[in-house]
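Participant: give me the fold of what follows.
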Amino acid sequence: MALELSNKRWRVAFGGGGTGRQVSLPAGALSKLAEPVAKDKERLGMPPPARVVSCYEAGRDGWSVVRMPSIEEEDARRPHRELERLKREGLAHRVRMQSLLKPGIKLESLKLALEQPAAPSLLKMA
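Facilitator: Sure, this is the predicted structure:
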């Protein structure tokens, strides 16, 4: 949702769901703003108690309103984000290990701190 504010009228633009719509309200009519917001939440399939937060958008008196995910939605995303973070971390470790190898030193000769041979997956990288 975006607001265009003027001294006489406020234009409220809604997007999403493949279509957009605009509503015009008298300037300062905060009580009348709730109705079009509720209608658009329904149009987009958002639950009525979904939290809406406004944040400043670059431009002349422009504001955006975004939907904040619920605690349950945020918890559901966490395992995927954690997996992606671990994949990036693993790649960073592999790249770092390869960069530390000096010419003439083979990865097969590396031993872990516990005096164990390098993992087979590391040997494939050499």
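Participant: low-confidence stretches in the chain?
Facilitator: Low-confidence segments of the chain, defined by pLDDT under 70: 16-18, 52-68, 102-126.
Participant: nearest residue to Arg11 other than its sequence neighbours?
Facilitator: Glu4 (4.1 Å; CB to CB, 6 or more residues apart in numbering). Quick note: C-beta positions are derived from backbone N, CA and C, even for glycine.
Participant: tell me if I'm right that the one you found and Trp10 touch.
Facilitator: Yes. Judged on CB atoms under 8 Å, Glu4 makes contact with Trp10 at a distance of 6.9 Å.
Participant: neighbour count: the two, which is higher?
Facilitator: Trp10 (20 against 16; other CB atoms under 10 Å).
Participant: how about the secondary structure of that one?
Facilitator: Look at Trp10: counting by DSSP: H, G, I helix; E, B strand; the rest coil, its state is strand.
Participant: helices and strands around whichever strand or helix holds Asp75, which ones?
Facilitator: Secondary structure from DSSP states H and E places Asp75 in helix 71-100. In terms of contacts (3 or more CB pairs under 8 Å, 6 or more residues apart in numbering; DSSP states H and E), helix 71-100 is packed against helix 120-125.
Participant: outline the domain layout of the chain.
Facilitator: 2-67, 71-125 (automatic domain parsing).
Participant: circling back to that earlier point, am I right that the residue nearest to Arg11 sits in a helix?
Facilitator: No. The assignment for Glu4, made by three-state DSSP, is strand rather than a helix.
Participant: what's the spacing between it and Arg43?
Facilitator: 20 Å (CB to CB, to the nearest Å).
Participant: same check, this time on Ala50
Facilitator: Ala50 sits 13 Å away from Arg43, going by CB to CB.
Participant: overlap in contacts, those two.
Facilitator: Listed as contacting both Ala50 and Arg43 by CB atoms under 8 Å, 6 or more residues apart in numbering is no residue at all.
Participant: next, Gly45: secondary structure please.
Facilitator: coil.
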